[in-house]
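**Q** here is the input, now give the coordinates:
(one chain, ligands or ions: 2)
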Amino acid sequence: MASDFTAVPVLDWPLATSPATRAQFLAELLHALVNVGFLYLSHPPVSPETFDFLTAYIPRLFALPQDRKDARRMAQSPHFLGYSRLGVEWTKGAADMREQWDFGTPYEAEEQREGLPDYRRLWGPAQWPAEDELPGFKETVLEYLKQVTELSELFIQLVAEALGLPSDGLARFFDEKRGVMHRSKIVKYPPLGEVSSTQGVGPHFDGGFLTFLFQASDHRGLQVQNLAGDWIDVPPIPYTFVINIGKGAPAVLAVPLCLYADLRTPAALETVTRGLACATSHQVLAPPAGSSPRYSVPFFLNIAQDLTLGEAMLDFPPEILKLKEQRGALSTTDSVNYSEFDRLPAGLVTLIGRVKSHPDVAQEHYPDLFKQIFPQGLPAHGEAY
Ligand SMILES: O=C(O)CCC(=O)C(=O)O
Ligand SMILES: [Fe+2]
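**A** Ligands and ions are numbered 1, 2, ... in the order given. Alright, predicted model coming up:
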């Protein structure tokens, strides 16, 4: 087995854009994809001003009066977009000690048409604070999302090349005609003392294809799990992204597969690379007592909602596949389980993950799916993931 990682590697974006150093960047990227599942990207093509503008808004966003925040609460959005109070999101049966706003790249909701699967309602417009509550905020976030989306388009070409594919080898996952919306959120982790547990967010894999995380304050707390199962710190480095590989959202056996037999099958980066690129379990610890809150802004790059496994699975040159053998099997972790992922449509897998994380939203907008997943009703504790 290749030696296990003890730190997350830092890749410098300018190396990718200069012909003289591109091969070096691709080699470093290949190592990070196969052996770590996480990397920092320094000097990314998102301007420091854009990061600074966004950072300055974040405490103001959470400082809005509670009734103004609740007026945009996620529970009223079939798209699972909007504001969530501390403790309403769950990971592995315990409440996460974070307050958050979920936003997304612009997307118009399609009208519910007879016979369309539920997951087609998953994507739609975000709920923004009113302009007079936080002037300029929406424009700043949309500009940020636009720049990260553009970066992601360039980055997936590099991922393809690093894995020995043509640079457009992953483009099929992002076919606009099949509906693609990326999701992002702004997160606040209050310190211990203000919250009762250290679980900022419990151990999990990300859904989607890739995550681009901006750590918007200088707090430690993010940790990733190496192959031996040790938790490795990922401290903030200013003006960098932490990029990690998505496995796909969690699936549950409670959903009868026959219901979805005529639908297509999903793909996320670990799945479609047959485990060559590894998704890595990670968690966030609450800041220590007496500290200020930690802030972060993950951006989840999603794939089109309906893709067949047949068109999604990728083939690689033998010299690349050899790296997977050298790495060895991925560790089994006690993170949320994704093993059913490749049997269901990507949109449905995402929807199930959302239902489990936000059962209150699901009860309101997806009552049938809610009943299948939570036959006993809203979980008091310990039932959601
Ligand atoms: O806040 C962070 O640093 C990471 C959050 C995260 O892993 C997630 O929301 O999926
Ligand atoms: Fe995550």
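**Q** go ahead and confirm L142 touches P106.
**A** Yes. Shown here, L142 and P106 form a contact pair, counting by C-beta atoms under 8 Å, at 7.2 Å. Every C-beta, even on glycine, is put in place using the N, C-alpha and C of the backbone.
**Q** out of the two, which sits in the busier spot?
**A** L142 (15 against 10; other C-beta atoms under 10 Å).
**Q** quick one: contacts for the residue in the stretch 51-200 of the chain that ligand 1 sits nearest to?
**A** In the stretch 51-200 of the chain, the residue found nearest to ligand 1 is V187; the distance is 5.2 Å by C-beta to the nearest ligand atom. Taking C-beta atoms under 8 Å, 6 or more residues apart in numbering, we find V187 in contact with 98-100, 295-298.
**Q** ligand 1 contacts on the stretch 101-250 of the chain?
**A** Within the stretch 101-250 of the chain, the positions adjacent to ligand 1 are 187, 201, 206, 213, 215, 222 by C-beta under 6 Å from any ligand atom.
**Q** restricted to strands, list the residues you listed.
**A** Those of those mapping onto strands are 187, 201, 213, 215, 222, per DSSP state E.
**Q** okay, the residues you listed in a markdown table with pLDDT and distance to L61 next?
**A** Formatted as a markdown table, these follow (pLDDT from 0 to 100; distance: C-beta to C-beta, whole Å):
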| residue | pLDDT | distance to L61 |
| --- | --- | --- |
| V187 | 98 | 11 |
| V201 | 95 | 19 |
| L213 | 98 | 17 |
| Q215 | 98 | 16 |
| L222 | 98 | 20 |
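**Q** wait, which of the residues you listed is closest to G169?
**A** L213 (24.4 Å; C-beta to C-beta).
**Q** of all pairs in the residues of the stretch 101-250 of the chain next to ligand 1, which one spans the longest distance?
**A** D206 and Q215 (15.1 Å).
**Q** and the helix or strand where K371 lies, what's buried?
**A** Using DSSP states H and E, K371 sits in helix 367-373. Judged by neighbour count using 16 or more other C-beta atoms under 10 Å, the buried positions of helix 367-373 are 369-370, 372-373.
**Q** how about stretch 72-85?
**A** 72-75, 77-84.
**Q** ditto for stretch 172-186
**A** For stretch 172-186, burial by neighbour count (16+ other C-beta under 10 Å) applies to 172-174, 178-186.
**Q** among those residues, which one has the lowest pLDDT?
**A** Here the lowest pLDDT out of the buried residues of stretch 172-186 sits on R178, with 61.
**Q** dihedrals phi and psi, Y366?
**A** Main-chain dihedrals, Y366, degrees, to the nearest 10: phi -130, psi 60.
**Q** relative to ligand 1, how far out is it?
**A** 21 Å (C-beta to the nearest ligand atom, to the nearest Å).
**Q** in this structure, what residue lies closest to ligand 1?
**A** At 3.4 Å from ligand 1, S296 is the closest residue in the chain, using C-beta to the nearest ligand atom.
**Q** in a strand, that's where that residue is, yeah?
**A** Yes. Assessed by DSSP: H, G, I helix; E, B strand; the rest coil, S296 belongs to a strand.
**Q** so which residues of this protein form helices?
**A** Taking DSSP state H, the helices of the chain run over residues 13-17, 22-31, 48-62, 66-70, 137-162, 269-272, 309-312, 318-327, 346-357, 359-365, 367-373.
**Q** turn those helices into CSV, including mean pLDDT.
**A** Formatted as CSV, the helices of the chain follow (pLDDT from 0 to 100):
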stretch, mean pLDDT
helix 13-17, 98
helix 22-31, 97
helix 48-62, 97
helix 66-70, 97
helix 137-162, 97
helix 269-272, 80
helix 309-312, 58
helix 318-327, 88
helix 346-357, 83
helix 359-365, 92
helix 367-373, 91
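**Q** got JSON lines for the ones you listed, with distance to P125 too?
**A** Listed next are the helices of the chain as JSON lines, based on distance: least, C-beta to C-beta, whole Å:
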{"stretch": "helix 13-17", "distance to P125": "31"}
{"stretch": "helix 22-31", "distance to P125": "34"}
{"stretch": "helix 48-62", "distance to P125": "18"}
{"stretch": "helix 66-70", "distance to P125": "18"}
{"stretch": "helix 137-162", "distance to P125": "11"}
{"stretch": "helix 269-272", "distance to P125": "27"}
{"stretch": "helix 309-312", "distance to P125": "28"}
{"stretch": "helix 318-327", "distance to P125": "40"}
{"stretch": "helix 346-357", "distance to P125": "16"}
{"stretch": "helix 359-365", "distance to P125": "14"}
{"stretch": "helix 367-373", "distance to P125": "21"}
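**Q** so for P117, which of those sits nearest?
**A** Minimum separation from P117 across the helices of the chain (C-beta to C-beta) falls at helix 346-357, 6.7 Å.
**Q** do that closest one and ligand 1 meet?
**A** No. Using C-beta under 6 Å from any ligand atom, we find that helix 346-357 stays clear of ligand 1, coming within 9.8 Å at best.
**Q** how about the CA coordinates for that helix, as PDB?
**A** Extracted C-alpha coordinates of helix 346-357, given in PDB (Å, rounded to 0.1, in the frame of the first residue of the first chain):
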ATOM      1  CA  ALA A 346     -28.500  10.400  -8.900                       C
ATOM      2  CA  GLY A 347     -31.400  12.800  -8.200                       C
ATOM      3  CA  LEU A 348     -33.100  10.200  -6.000                       C
ATOM      4  CA  VAL A 349     -29.900   9.500  -4.100                       C
ATOM      5  CA  THR A 350     -29.500  13.200  -3.500                       C
ATOM      6  CA  LEU A 351     -33.200  13.500  -2.400                       C
ATOM      7  CA  ILE A 352     -32.900  10.600   0.100                       C
ATOM      8  CA  GLY A 353     -29.800  12.200   1.600                       C
ATOM      9  CA  ARG A 354     -31.700  15.400   2.000                       C
ATOM     10  CA  VAL A 355     -34.700  13.600   3.500                       C
ATOM     11  CA  LYS A 356     -32.500  11.900   6.100                       C
ATOM     12  CA  SER A 357     -30.700  15.100   6.900                       C
END
